[in-house]
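# Have a look at this prediction, sequence included:
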Amino acid sequence: MNLSSSAPHIHPAFDWNPDVGTDELVMYRNPEFRVEGGLRECKRGKRSFKFVEDELWLVMHGFAQFRRDSGEVIDAEPYVAVHFKEGWTGEAEIGEDMRMSYMRCLGEPGEITPVLRDVANVGPLADWGAVSTRIIGISEKYGIQMSRAVAPRRAETGIWSCTPGTWRCEVKSDEFCHFLAGNSLYTNDNGEQIEIVPDTLAFFPAGWKGICEVRETVRKVYMIR
């Protein structure tokens, strides 16, 4: 775990345990845009939820059934990604202690809660074209978009995959990345190197600049502010 990195990250995220007396690890914040992300635990039992901003959860352990005040029902279990929309209210029956990676940011209300199951394998992925800032090789991008807000807000979530190659990376908006497969190396312009392997959770802040070397096709769940 390196929270002082140019892109705070932890590996393996699925093995995280909260410190005594806490139920979350905040890895990244950007107060200007009400962005926060990290890891969280929700204990077994019934509890109410109200999401002031859009919030993405990737469930790592446990299970729960969420019942929205509108009547919508969502079953959450490991490898399920849930994008709770701004203003979502309801309750959950948590059958087994849950742990999840998360990010929240300004978004928009929605009548339907986007859910993506079996995120490590779900497909097919749409062809999103080649990385335009290539240096070595041609990295092809593929993905599934779960949700995206109307401009100027974004709160975009989904699955992103990229084939091997080396390219310039300049992050425009804060981004949550929970990598599920593959291997890559991010080298910041300041010289710091960040190794990405399966189950690395990383937060790339707006303004991060460097080089990405994808050595083995990567796949991640993402949220972009």
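Great, that's in hand.
# what are the phi and psi angles of F14?
With angles defined as degrees, to the nearest 10, F14 sits at phi -60, psi -20.
# and the closest residue in space to it that isn't next to it in sequence, what element?
Sequence neighbours aside, M60 is the residue nearest to F14 in space, at 4.9 Å (criterion: CB to CB, 6 or more residues apart in numbering). Yep, even glycine has a C-beta here, placed from its N, CA and C like the rest. Using DSSP states H and E, M60 maps to strand 54-68.
# mind checking how far that strand is from the chain centre?
Relative to its parent chain, strand 54-68 has a centroid offset of 13 Å by CA atoms, centre = their mean, to the nearest Å.
# In terms of secondary structure, what does that strand contact?
On a contact count with 3 or more CB pairs under 8 Å, 6 or more residues apart in numbering; DSSP states H and E, strand 54-68 meets strand 73-76, strand 81-84, strand 89-105, strand 209-224.
# Just say which of those is most tucked in.
Mean neighbour count (mean count of other CB atoms under 10 Å) peaks for strand 81-84 among the helices and strands packed on strand 54-68, with a mean of 25.
# so what secondary structure elements neighbour it?
Where contact means 3+ CB pairs under 8 Å, 6+ apart, strand 81-84 is packed against strand 54-68, strand 115-116, strand 140-147.
# For G95, which of those strands is the nearest?
Closest to G95 of the helices and strands packed on strand 81-84 is strand 54-68 (CB to CB; 5.2 Å).
# what is the rounded mean pLDDT of the closest one?
Throughout strand 54-68, pLDDT has a mean value of 98.
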